[in-house]
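Asker: have a look at this prediction, sequence included:
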Amino acid sequence: MPAIDREELDSRVEQIHDQVVAWRRYIHANPDLSFEEQPTAAYILGELQKMDTEGRWLHMSQPDSNCVVADLKGGAGDGPIIALRADIDALPVEELTDVPFASKKKGVMHACGHDTHAAMLLGATKLLLEDAEKIKGTVRLLFQPAEEVPPGGAKMMIEKGCMEGVSMVFGEHIFPLPGLTTGKVGYIQGAMTSSCDSFHIEVIGRGGHASMPEGAIDPIPIASLVVTGIQHIISRRLPASKCPVLTIATITSSSDSYNVIPDRVTLKGTLRTQDPEVRVRTRRYVEEVVSGLTMSYGATYSCRWIAGYDMTVNHKSAVDVSKSVFAQVLPSKDDVVEFKECLYGSEDFSALANCCPGNFVGIGCYNEAEQCTVPNHSARFKVDEAALKIGVKVHYGTIHELLMQ
């Protein structure tokens, strides 16, 4: 097939936009937490069944009740399997927006835009079904649960065989970044998002009366030294070009009294890196700091790491596909933003991209006029719904590029 007729695609996307928005708003109003997405998955499955009432093109399954997998096997013959992924889980956030379709579920909100990811993939599916006879190969639609909670839904879907035979995988994420306004897309070749591991450190001393600290081993000043010692790792033991983000987010003690020296202090936080070697080294350095300081002051410790997601690394061959798609579906090269560095959020799309070449694309939705400026994970996070058109076009264009040429 020739290159995409952008005007025709724009018209087709415009015609289904109200439906895409309706899908998004329903999912937004009815959010489900990670690994509790059975209602969302059932809704998506039902909408897919409506698109292909005779079951001619879509072969749907639920390897787990929280997810949906649908294979669209085209009518133009055999070819590769290309996967398109959308995550569908929400966050434990109390929504504080004023939108009429705000969350109906107390303390749960689609504050990261996964409702839009699902809707954009549904929209692309609708267009691809219209062109099913022209597709040579298979489009695998992955509606994935539990991106927000490691070990993540991607790992589960891989274990259940959802990536078997897949040649390339593509995903999208909505971002209200100032440099990524509505209508723009963002990409990077190489590391797109960082790895993320969590740590749980306990500084174990000996409790006592606040008036007699000499009879205790006070873990609080020792823990304070651990906090500053860990920061020393970043500034003095690692190259500036590869510095991770090491954050202590919680400090608690075993006592909440005014006059009791606790017997232990707990530190919790995260380590985010964009280099596998730095990831390993930093974990070792943290252990060395905690061990050395606690031993110096007569205390003991425990240090437990909870492995999170790997870096999402965009493969050159998949990035090249996306760049070709951008040139066809977007009106100007100015609408394509190349990120200059890795984003320090983490994503379990990384697991999918470890199975085969993949590319993870940012869909811009920053719009001051629509008050869509608050970052993901905020209780006031809002999306400029015009951005959904771009996500639909990019998904559709990817399949056109790979399976309809």
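Answerer: Received it, and whenever you're ready, just let me know what you need.
Asker: and the longest helix seen in the chain, what does it pack onto?
Answerer: Determined from DSSP state H, the single longest helix within the chain is helix 6-29. Packing partners of helix 6-29 (3 or more C-beta pairs under 8 Å, 6 or more residues apart in numbering; DSSP states H and E): helix 38-51, helix 114-130, helix 316-329, helix 387-403. Every residue, glycine included, has its C-beta placed from N, CA and C.
Asker: which residues are in contact with that helix?
Answerer: Contacts to helix 6-29, defined as C-beta atoms under 8 Å, 6 or more residues apart in numbering, come from residues 40, 43, 47, 88, 99, 101-104, 110, 115-116, 118-120, 122-123, 126-127, 130, 328-329, 331, 383, 385, 388-389, 392-393, 396-397.
Asker: one more time with 6 Å, if that's ok
Answerer: Applying C-beta atoms under 6 Å, 6 or more residues apart in numbering, the external contacts of helix 6-29 come out as 101, 104, 110, 115-116, 118-119, 122-123, 126-127, 385, 388-389, 392-393.
Asker: what's the answer for stretch 157-170, then?
Answerer: 63, 69, 80-84, 144, 318, 352, 355-359, 398.
Asker: apply 8 Å and report the result again.
Answerer: Counting by C-beta under 8 Å, 6+ apart, 63-64, 67, 69, 80-85, 140, 142, 144, 317-318, 321-322, 349, 351-353, 355-361, 395, 398, 402 sit against stretch 157-170.
Asker: check stretch 269-278 too.
Answerer: For stretch 269-278, using C-beta under 8 Å, 6+ apart, the contacting residues are 191, 194-199, 238, 242, 244-250, 279, 282-283, 286, 308, 311, 342, 344, 346.
Asker: quick revisit: Throw the helices and strands packed on helix 6-29 into a markdown table and include mean pLDDT, thanks.
Answerer: Formatted as a markdown table, these follow (pLDDT from 0 to 100):
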| stretch | mean pLDDT |
| --- | --- |
| helix 38-51 | 99 |
| helix 114-130 | 99 |
| helix 316-329 | 99 |
| helix 387-403 | 99 |
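Asker: who touches Tyr258 in this structure?
Answerer: By C-beta under 8 Å, 6+ apart, the contact list for Tyr258 reads Ala210.
Asker: let's verify Ile251: helix, strand, or coil?
Answerer: strand (DSSP: H, G, I helix; E, B strand; the rest coil).
Asker: isn't it up against Thr266?
Answerer: Yes - in terms of C-beta atoms under 8 Å, Ile251 counts as a neighbour of Thr266; the distance is 7.3 Å.
Asker: for Lys242, give me the pLDDT.
Answerer: Note on Lys242: pLDDT of 88.
Asker: any idea how far it is from Thr273?
Answerer: Counting by C-beta to C-beta, to the nearest Å, the gap from Lys242 to Thr273 is 8 Å.
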